[in-house]
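build me a model from this:
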Amino acid sequence: MLLRTFLAASSLASASFAQLAPQSATPLTPATPVQRREFPLRWAVIGDYGNGSPEEADVAALVASWNPEFVVTTGDNNYPSGQAATIDVNIGQYYGDFIAPYLGAYGPGASVNRFWPCMGNHDWDGSSGQPYFDYFTLPGNERYYDVRRGPVQLFVVDSDPREPDGNTWNSAQSVWLQGALAASDAPFKIVTFHHPAHSSSQHGSTAALQWPFESWGVDLVLNGHDHAYERGSDGGIPYLVVGAGGAPLYTFPALVGGSKVRFNADWSALLVESTSRTTTAELISRGGIVVDTFVLPANGTALPRQPLLAAGSTWKYRDTGMNPGASWILPTYDDSGWSSGPAQFGYGDGDEATVVQFGPFPTNKRITTWFRTTFNVPDPSLYAALDFGLLRDDGAVVYLNGVEVARANLPSGTIAPGTLASAAVAGSDEDHFYPAAIDASALVAGTNTLAVEVHQSAANSSDLSFDFALEGELAAPTLIAKGSTWRYRDAGGTPPVGWTTLAFDDSLWPSGPAQLGYGEGDELTTVAYGPDPLNKRPTLWLRKTFNVVGAAQLSGLYLSLVADDGARVFLNGHDAGRWNLPKLGLGPASLAGFDRDVPEENAGLETTLDARLLVEGLNVIAVELHQASVASDDLSFDLELRAQ
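Okay, the predicted model is just below:
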């Protein structure tokens, strides 16, 4: 039919041309080159899923509805113990259409493999992983490998301690990874492994897997093991825990530094779309709610850094073994009687700048040594995040201005002078600066106090080491500040067509400074919700214009959003992202997916947007804010936008 239509159109064009032929010819102007649209590569991430549960079936149906090019897993593909008898029921039943060669009982499988798993601890439990190796056909040694698809190169790492080539930053496996990353020219280099480098959930962070990914050129790290979703940042790299693919959900006992978004209210998967310039990811619940959105530009989102405390700095220290008391971590503590010296501190290795004392008995050394120092920050608002490197042999707790901000290789709960580190540190790990992040809100203007206690794993330990380096990620310049004035529509109904565009006239909308909302008492502008407090208007619409100079040079766009309960953001009429709202069918009467309660409802959700949506000169940002219930007792909105 298409061929016939084309031929018919060609005949008509020829007849018209014949009639015009006697006229004088007009020189043809060369056509403007057509800008080909780059269609994004769509892929999905699941984790901790393979248990044959109804929840796994729901997530698998969600993933299938996206029609992704391939599926990546973050491990624990086959519960409970990685056995051959359960592997096809747990995996092939739901994802067989992506696997090749597929020899299971649930259909023909794929013509080429589109399923890229990584091993989890439950996969290793089954005969040392043999059912896993028999079931999948993967590159390399199948435990760790890489694969390139379009703009994405995926590097699958085996994080389990049973990995024959090791799972530490200086292992044979890491040497392979460094070489593969260095050889890659992919716009996006993405590393996935099971045990999380950083996690606020029940298993917590894994210090041995806090490899220097940023310096190796990694753009994104995907983990599992904890049955929840979390997005954090360390060194400008997003770290994701994607572990709610079917197994029972976990809680978040204690937040780690750098944590941005957490979700454990439902099972979920990650939808990712990558082009040569951006990767956009959405965490979507099995019910179709977009919980989180972020955009990663090809050149990364890392901000410029400024050293705040260099390695080798001078510290006060107490090596007497006597408990300094609970107040030793406070800025007001008097440490004038403590010894002083430059790092590296320690004994037994021969590389110490300052040798600390361990007591009179070499086989019964003092377990804990305490350290304090200060650094100056004139304006904490200049920093978006703090990144530190901690050299510690064996364990350590870090405090900033009297508040614990990090703990490494030590048990949870109260730490006493006699508390032993969880494990001994040996070999080159003793000289490794383990990276981690601290929330910049821990800073104060003026003098800041760092306090670190270093613990041995045994009283007869042969050596001790300590050093510390701290950098601040400089905040991007502000385009819209918190507390800015916004135009808003609180009358309900449906907003006029074009309300998200710059051309729209919002002069009749009321205006007021953020926070905008009701019900909490901290609002600077109280918005109306209608005559019935039990049937409030579900949606509030907001707009603000702002100016941009040098839009074409901007690569990073950073959003901090207070949105109780869900929000959709537009830039110059383009959909820039949504949070806690349906992926499909969003309208004025739509409700947010989940109720956000304190403290989340007042915390700024931090994420990144596509800077290409900005234009030179005047821009407009538009937000629709949705309640989770028409009987909700409060609403809150504020927004900060920065660009780099």
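
wait, A552 sits on E616?
Yes: at 7.1 Å, A552 counts as touching E616 under the criterion of CB atoms under 8 Å. In short, each C-beta sits where N, CA and C put it, glycine included.

strands of the stretch 451-600 of the chain, start to end?
All strands of the stretch 451-600 of the chain, identified by DSSP state E, counting those that start in this stretch, fall at 464-474, 478-480, 485-489, 511-513, 516-518, 525-526, 539-548, 557-564, 566-571, 574-579, 581-582.

buried stuff in the first one?
Residues 464-473 are the ones in strand 464-474 that count as buried (16 or more other CB atoms under 10 Å).

and what of the second one?
The neighbour-count criterion (16+ other CB under 10 Å) identifies 479-480 as the buried residues of strand 478-480.

got any ranges where the stretch 201-350 of the chain has weak pLDDT?
Within the stretch 201-350 of the chain, the segments meeting pLDDT under 70 span 299-303.

show me where it has strands.
220-223, 229-234, 237-242, 259-263, 268-274, 278-285, 289-297, 305-309, 314-318, 339-342, 345-347.

partner strands of the first one, parallel or antiparallel?
It stands for strand 220-223. Under the criterion DSSP bridges, strand 220-223 sits next to strand 188-192 (parallel), strand 237-242 (parallel) in its sheet.

what do you get for the fourth one?
Partner strands for strand 259-263, per DSSP bridges, with pairing direction: strand 229-234 (antiparallel).

quick one: A44 is in a strand?
Yes: the assignment for A44 by DSSP: H, G, I helix; E, B strand; the rest coil puts it in a strand.

quick one, what contacts it?
63, 66, 68, 70-72, 269-272 (CB atoms under 8 Å, 6 or more residues apart in numbering).

what's the answer for L609, then?
L609 touches 295, 557-559, 569, 571, 576-577, counting by CB under 8 Å, 6+ apart.

hmm, back to that, identify whichever of the strands of the stretch 201-350 of the chain lies nearest to T419.
Nearest of those to T419, taken as CB to CB: strand 314-318 at 16.0 Å.

could you spell out the sheet neighbours of the closest one, each with its direction?
strand 339-342 (antiparallel), strand 368-377 (antiparallel).

send the alpha carbons of the last one over as PDB?
It stands for strand 368-377. Below are the C-alpha coordinates for strand 368-377, written out as PDB (Å, rounded to 0.1, in the frame of the first residue of the first chain):
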ATOM      1  CA  THR A 368      41.500   3.400  70.900                       C
ATOM      2  CA  THR A 369      43.400   6.500  69.900                       C
ATOM      3  CA  TRP A 370      41.500   9.800  69.700                       C
ATOM      4  CA  PHE A 371      42.100  12.700  67.200                       C
ATOM      5  CA  ARG A 372      40.800  16.300  66.900                       C
ATOM      6  CA  THR A 373      41.400  19.200  64.500                       C
ATOM      7  CA  THR A 374      39.600  22.300  63.200                       C
ATOM      8  CA  PHE A 375      39.200  24.000  59.800                       C
ATOM      9  CA  ASN A 376      37.500  27.200  58.800                       C
ATOM     10  CA  VAL A 377      34.500  27.700  56.500                       C
END
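
quick one: mean pLDDT for that strand?
For strand 368-377, mean pLDDT is 97.

name the residues of it that come out as buried.
Buried residues in strand 368-377, counted by 16+ other CB under 10 Å: 368-375, 377.

so where do the helices sit in this protein?
Along the chain, counting by DSSP state H, helices occupy 2-20, 54-66, 84-87, 93-95, 121-125, 130-135, 172-183, 213-216.

so for the fourth one, mean pLDDT?
Model confidence over helix 93-95, given as mean pLDDT, is 98.

and that helix, how far out from the chain's middle?
Mean-position distance between helix 93-95 and its chain equals 27 Å (CA atoms, centre = their mean, to the nearest Å).

so what secondary structure elements neighbour it?
helix 54-66 (3 or more CB pairs under 8 Å, 6 or more residues apart in numbering; DSSP states H and E).

tell me what the helix it packs on is packed against?
Packed next to helix 54-66, using 3+ CB pairs under 8 Å, 6+ apart, are strand 41-46, helix 93-95, strand 268-274.

name the strands paired with the longest one and say parallel or antiparallel.
Going back to what we said before, that points to strand 268-274. Strand 268-274 sits in its sheet next to strand 41-46 (antiparallel), strand 278-285 (antiparallel), going by DSSP bridges.
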